[in-house]
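Novice: Show me how the following folds:
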Amino acid sequence: MKRLYALLIVGLVVVAAASLLVGEATLTPAQYLAALRDPHSIPAEVVWGLRTPRFFAAALVGAALGLAGAVMQGLLRNPLADPGVLGVSAFAGLGAALMIVLGGAVIPGGVEAAALAGALLAGGLLTIMAARFPEAEVLILFGIGLSSFGGALTALVFNLSPNPFTTAEVLSWLMGSVDNRSWTDLAKAIGPMLVGAGLCAYAGRGLLMLTLGEETAQTSGLPMRRLRIAAVAGAALLTGASVALAGVIGFIGIAAPHMVRRAAGEDAERILLPSALAGATLLALADLIARLIPTDQPLRLGVMSALLGAPLFVLAAWRAARSWRE
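Specialist: Alright, predicted model coming up:
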């Protein structure tokens, strides 16, 4: 595990350094020195006002989604589970789309608050289901139904959009981005993320017991009902805050746990922190690549994360299939 943590931390530091040093505006060594010496200079604004919060936004969202994905996979004992499958992302996107179409985008923080509210609504419904029905299959089926319903309502919002400009704005937001994110945006998201991460950490012992089987978990003496509720609520908070900060980002929640599972093992509690670090590195790298590819239109982060995360997930699935055959 020490080697895995070292690799993940080094990878994240390398991506962080590249994110601060590389961008559309090319800076000379003298300008980087000016950014360090004079916080009010133009180079300082580029490095500390634009690039740094953008990197931290991508890393925070990636870490939140990676952690939420690991929790969902451990809770449901399903390697394909993530908050998107359970409808949390769909309802967060629906909340944001409704706010934009209704003209609430002019309210500072209105779209972000609507996205978080949508995620909390879905998370609340899932929490009720988790409390009443301990079977993972029930939660999966209910989550898939929520996801489909949220997607259908979002399509209805598109269909009833008053003009093509509003439609384009909704589509652009749903495709995800951390461009122009400020320290204020990060401060708004960090609170729900910390609460969600705390709930996930609290549920970790229960996730470990679930890997040993439902009967073993029930006889372990742990408050499994409370731990299930904490896991669902924590994943919902992490996902909602992520969508509020960066829009809908796919594949990170699925891919990040699989990237580290081979080294971390099948311990559902042990894999939580490595999944968060892997998610942070993967999404920050995706944002860096999206910035560097020359295109007429800026590449959206949600598109790039899928292009980067999907092959990694396929590779992890191929390795898992080989191990099963052996």
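
Novice: residue ranges with poor pLDDT in the stretch 201-326 of the chain?
Specialist: Confidence mapping of the stretch 201-326 of the chain against pLDDT under 70 gives the ranges 208-222, 312-313, 316-317, 319-326.

Novice: at 50 instead, please
Specialist: Of all residues in the stretch 201-326 of the chain, none has pLDDT under 50.

Novice: For the closest residue to residue 197 other than its chain neighbours, pull up the helix or strand it's in.
Specialist: Nearest non-adjacent residue to residue 197, counting by C-beta to C-beta, 6 or more residues apart in numbering: residue 67, 6.2 Å away. Bear in mind the C-beta positions are built from the backbone N, C-alpha and C, glycine included. In this assignment (DSSP states H and E), residue 67 forms part of helix 52-76.

Novice: roughly how far is that helix from the heart of the chain?
Specialist: Here the centre of helix 52-76 is set off from its chain's centre by 4 Å, with C-alpha atoms, centre = their mean, to the nearest Å.

Novice: State the next helix or strand along the chain beyond that helix.
Specialist: helix 88-101.

Novice: which helices and strands sit right next to that following helix?
Specialist: Packing contacts for helix 88-101, counted by 3 or more C-beta pairs under 8 Å, 6 or more residues apart in numbering; DSSP states H and E, involve helix 110-132, helix 136-159, helix 164-174, helix 224-246.

Novice: Could you check the angle the helix holding residue 67 makes with helix 110-132?
Specialist: Angle of helix 52-76 versus helix 110-132, following axes from the mean of the first three to the mean of the last three C-alpha atoms, to 10 degrees, is 20 degrees.

Novice: what packs against helix 52-76?
Specialist: Looks like helix 52-76 contacts helix 2-21, helix 136-159, helix 183-210, helix 224-246, helix 252-264, helix 272-292 (3+ C-beta pairs under 8 Å, 6+ apart).

Novice: In CSV, list these along with mean neighbour count and distance to residue 103.
Specialist: Below are the helices and strands packed on helix 52-76 laid out as CSV (neighbours: other C-beta atoms under 10 Å; distance: least, C-beta to C-beta, whole Å):
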stretch, mean neighbour count, distance to residue 103
helix 2-21, 15, 34
helix 136-159, 16, 13
helix 183-210, 19, 21
helix 224-246, 27, 18
helix 252-264, 25, 31
helix 272-292, 25, 29
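
Novice: what's near enough to touch the residue most central in space within the chain?
Specialist: Central residue of the chain (C-alpha atoms, centre = their mean): residue 65, 2.6 Å from the mean position. By C-beta atoms under 8 Å, 6 or more residues apart in numbering, the contact set of residue 65 is 82, 83, 238, 239, 242, 249, 252, 253, 256, 279, 283.

Novice: Reformat these as a markdown table; add distance to residue 34.
Specialist: Converted to a markdown table, the contacts of residue 65 look like this (distance: C-beta to C-beta, whole Å):
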| residue | distance to residue 34 |
| --- | --- |
| 82 | 43 |
| 83 | 42 |
| 238 | 38 |
| 239 | 40 |
| 242 | 34 |
| 249 | 34 |
| 252 | 35 |
| 253 | 40 |
| 256 | 37 |
| 279 | 34 |
| 283 | 30 |
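
Novice: Fine, thanks again, bye for now.
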